Each structure stands twice: as structure tokens, then as C-alpha cells.
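Visitor: Provide a 3D model corresponding to the input given below.
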Amino acid sequence: MSQRINITSGSPWEDIVGYCRAVRMGNIIEVAGTTAMDGDVLIGKDDMYAQTKYIFQKIEKALQEAGATINDVVRTRMFVTDISKWEEAGRAHGEFFKSIKPVATMVEVSKLINDDLLIEIEVTAIV
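Guide: Down below sits the predicted model:
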């Protein structure tokens, strides 16, 4: 049986809600839905590109803690509150994954946990 490794962000919500930033089981790493919040501060208010870029930077750090890199990502899932801004999110996605080309999903959702959040992203990596 594979050892489970939980990677935490230190957010108090992890204990309250019962989740962690990422989980590694064997060679598979799942990174939870990640937003552009830095503690209580939103990075990139009203800017889909800035939020997306910051989220991928956060995800990259979680992957490193789990023993992976952005090159190990095989799937991205992006949940956006305004699909008309897909090109801004796509541009940031391309900056991280242009040569890696994971499978990607982007869907519009009615809202996220905070009205100022424009996008939430989760990824799967295999090492």
C-alpha cells in the first residue's frame, strides 16, 4: 500500500473543512482547488490573468513540496466565473504549460466562495 503524504498550506480552513492543499499517493499527486488568495489578501482583483498566474505559482510550490514539478502535471481543471475572459486564463495557462500540454478543462461556474475570485484551479500530476 502506498504511503499517503498530505501537503498543507497552513490555512486554518484546512482543519475546519477537513482538506489539504495536495495529497500524494504513490506516484499520483492531486492538488486541491486553488485560488488567488494569499492569506486574507486577494492577488489580482478584477484581473483573470493575474489571478491565474498567481494560482499556478502556488500550485507549483505545492507540487515541489510533494516531490514533483510543473512538468509532471497531466491534467488541469479551471473553474471560471466569466467564460468570456477565457483567453486571459488561457494565456497564463500557456505560459506554464506551452511545452508540457496537459489535458485541460475550463468550465464556467456561477460563483466561487468569494465574489472577487474569478478562477479556481486544481491539477493532477504523475511522477
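Visitor: just how off-centre is stretch 67-81 within its chain?
Guide: 6 Å (CA atoms, centre = their mean, to the nearest Å).
Visitor: what's next to it, contact-wise?
Guide: 24, 29, 33, 48, 52, 56, 59-60, 63, 86, 89, 93, 96-97, 100, 102-112, 117-127 (CB atoms under 8 Å, 6 or more residues apart in numbering). In this view, the C-beta of every residue, glycine as well, is placed from N, C-alpha and C.
Visitor: now the helices: where do they sit in this structure?
Guide: For the chain, the helices defined by DSSP state H cover 12-13, 48-65, 86-97.
Visitor: list the buried ones in the longest one?
Guide: Right, the one you point to is helix 48-65. Within helix 48-65, the residues that count as buried by 16 or more other CB atoms under 10 Å are 48-56, 58-60, 62-63.
Visitor: Please export the C-alpha coordinates of it as CSV.
Guide: The C-alpha trace of helix 48-65 is given here as CSV (Å, rounded to 0.1, in the frame of the first residue of the first chain):
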residue,chain,number,x,y,z
MET,A,48,-8.3,37.0,-14.6
TYR,A,49,-4.7,36.8,-16.0
ALA,A,50,-3.1,37.9,-12.7
GLN,A,51,-5.2,35.5,-10.6
THR,A,52,-4.5,32.6,-12.9
LYS,A,53,-0.7,33.2,-13.0
TYR,A,54,-0.6,33.5,-9.2
ILE,A,55,-2.6,30.3,-8.7
PHE,A,56,-0.2,28.3,-10.9
GLN,A,57,2.7,29.7,-8.9
LYS,A,58,1.0,28.5,-5.7
ILE,A,59,0.3,25.1,-7.4
GLU,A,60,4.0,24.8,-8.5
LYS,A,61,5.1,25.3,-4.8
ALA,A,62,2.7,22.6,-3.6
LEU,A,63,4.0,20.2,-6.3
GLN,A,64,7.5,20.9,-5.3
GLU,A,65,6.6,20.0,-1.7
